[in-house]
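**Student:** Take a look and give me a structure for this.
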Amino acid sequence: MRTYSIYKIKEEHLTFIFGRERKLLEMMQGCEDANEKSLKELSYICDSVRFEDVADILAAQLDSKYTHLERTRNALFLEHPIKGKMAIYLVERKICIYCEGSRMLDLDLFQMLAKMSDRFIAFNKQENECGWLKPRKYHMH
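**Tutor:** As a prediction, the model looks like this:
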């Protein structure tokens, strides 16, 4: 099972975070999930995300591709016969994703979230991975 924490970085902090993604991952590596929400740094650099917005877009875009889609008050459960299963929760300022199966499942989700905003960044602490869902292009002058 792969677990992702996805954050929406505030517009004014994008240039500071860009290129420092690994440092942010390292900061979170030392934190348990229970303590992660109390990190002042995360609340300072991250925008809040409304679960309804995420669930509405994902349900509308992915509904036809998945055999099972269940939505509760604060969770979304998706199942694809070939790709696998996914559970999506919103906790504080992060979107928690639990994926079981093919990595194509992850890509479907990342692609949909990238359509919502170019400010989402994902962290997979177990695999020591991090990255922007829709990488920004910066030019050196």
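**Student:** As a check, name the ranges of all strands in this protein.
**Tutor:** Along the chain, the segments classed as strands by DSSP state E run 2-9, 46-47, 68-71, 75-80, 84-91, 94-101, 120-124, 129-132.
**Student:** Buried residues, the fifth one. List them.
**Tutor:** Of the residues in strand 84-91, 84-88, 90 count as buried by neighbour count, 16 or more other Cβ atoms under 10 Å. Heads up, the C-betas are built off the backbone N, CA and C, glycines and all.
**Student:** where's the residue nearest to L105 when sequence neighbours are not counted relative to K65, distance?
**Tutor:** Nearest residue to L105 in three dimensions, chain neighbours excluded: K83, at 4.3 Å (Cβ to Cβ, 6 or more residues apart in numbering). Distance of K83 to K65, computed by Cβ to Cβ, to the nearest Å: 9 Å.
**Student:** Need the overlap of contacts for these two.
**Tutor:** D108 (Cβ atoms under 8 Å, 6 or more residues apart in numbering).
**Student:** So for the two, which sits in the more crowded spot?
**Tutor:** Using other Cβ atoms under 10 Å as the criterion, K83 and K65 rank with K83 on top: 20 against 11.
**Student:** Now for that one: which residues touch it?
**Tutor:** If you count contacts by Cβ under 8 Å, 6+ apart, then K83 has 101-102, 104-105, 108 around it.
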